[in-house]
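J.: Give me a model of this one.
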Amino acid sequence: MLKNITMSAEEELIRKAREKAQREHTTLNETFRGWLQQYVSAEARAKDFDALMQSMMYARPGRKFSREEMNER
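T.: Predicted structure coming up:
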């Protein structure tokens, strides 16, 4: 269920945001909903990243790589 909220911003900022949304073929409502979803899930993503890094702590190169080795493609 969608719920309405009221926000305040400078008129010029709102105008520019609407223009940008129109160029991106979207609306301010859709853009805000996307931002809101990212905002509430950022902490979970950070925890997931930390857990991934922790799970990879076992991986060690065993030695230092030379500059040439690190820049090889």
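
J.: which SSE is the residue nearest in space to the middle of the chain in?
T.: Centroid-nearest residue in the chain, with Cα atoms, centre = their mean: residue 38, separated by 6.3 Å. Using DSSP states H and E, residue 38 sits within helix 28-55.

J.: Could I get the buried residue list for that helix?
T.: By 16 or more other Cβ atoms under 10 Å, helix 28-55 has no buried positions at all. (Glycine included, C-beta is placed from N, CA and C.)

J.: What is that helix packed up against?
T.: Under the contact criterion of 3 or more Cβ pairs under 8 Å, 6 or more residues apart in numbering; DSSP states H and E, helix 28-55 touches helix 11-23.

J.: and the helix it packs on, what other elements does it pack with?
T.: helix 28-55.

J.: what's the angle between the helix it packs on and helix 11-23?
T.: Following axes from the mean of the first three to the mean of the last three Cα atoms, to 10 degrees, one obtains 80 degrees for the angle between helix 28-55 and helix 11-23.

J.: And the residue nearest to the centre of the chain, how far from residue 18?
T.: Using Cβ to Cβ, to the nearest Å, residue 38 is found at 20 Å from residue 18.

J.: And residue 10, by the same measure?
T.: 13 Å.

J.: Between those two, point out the one with more neighbours.
T.: Ranked by neighbour count (other Cβ atoms under 10 Å), residue 10 and residue 18 place residue 18 first, with 13 against 8.

J.: Without its sequence neighbours, what residue ends up closest to the more buried one?
T.: Spatially, and ignoring its direct neighbours in sequence, residue 18 is nearest to residue 28 (6.0 Å; Cβ to Cβ, 6 or more residues apart in numbering).

J.: State the distance from the residue nearest to the centre of the chain to residue 31.
T.: In terms of Cβ to Cβ, residue 38 sits 11 Å off from residue 31.

J.: just residue 50 next, same as before
T.: Relative to residue 31, and taking Cβ to Cβ, residue 50 is found at 29 Å.

J.: what's around residue 66, how many residues?
T.: Using other Cβ under 10 Å, residue 66 is surrounded by 9 other residues.

J.: how about the residue at the greatest distance from the centre of the chain, secondary structure?
T.: The outermost residue of the chain relative to its centre, with distances by Cα atoms, centre = their mean, is residue 63 at 34.1 Å. Three-state call for residue 63 (DSSP: H, G, I helix; E, B strand; the rest coil): coil.
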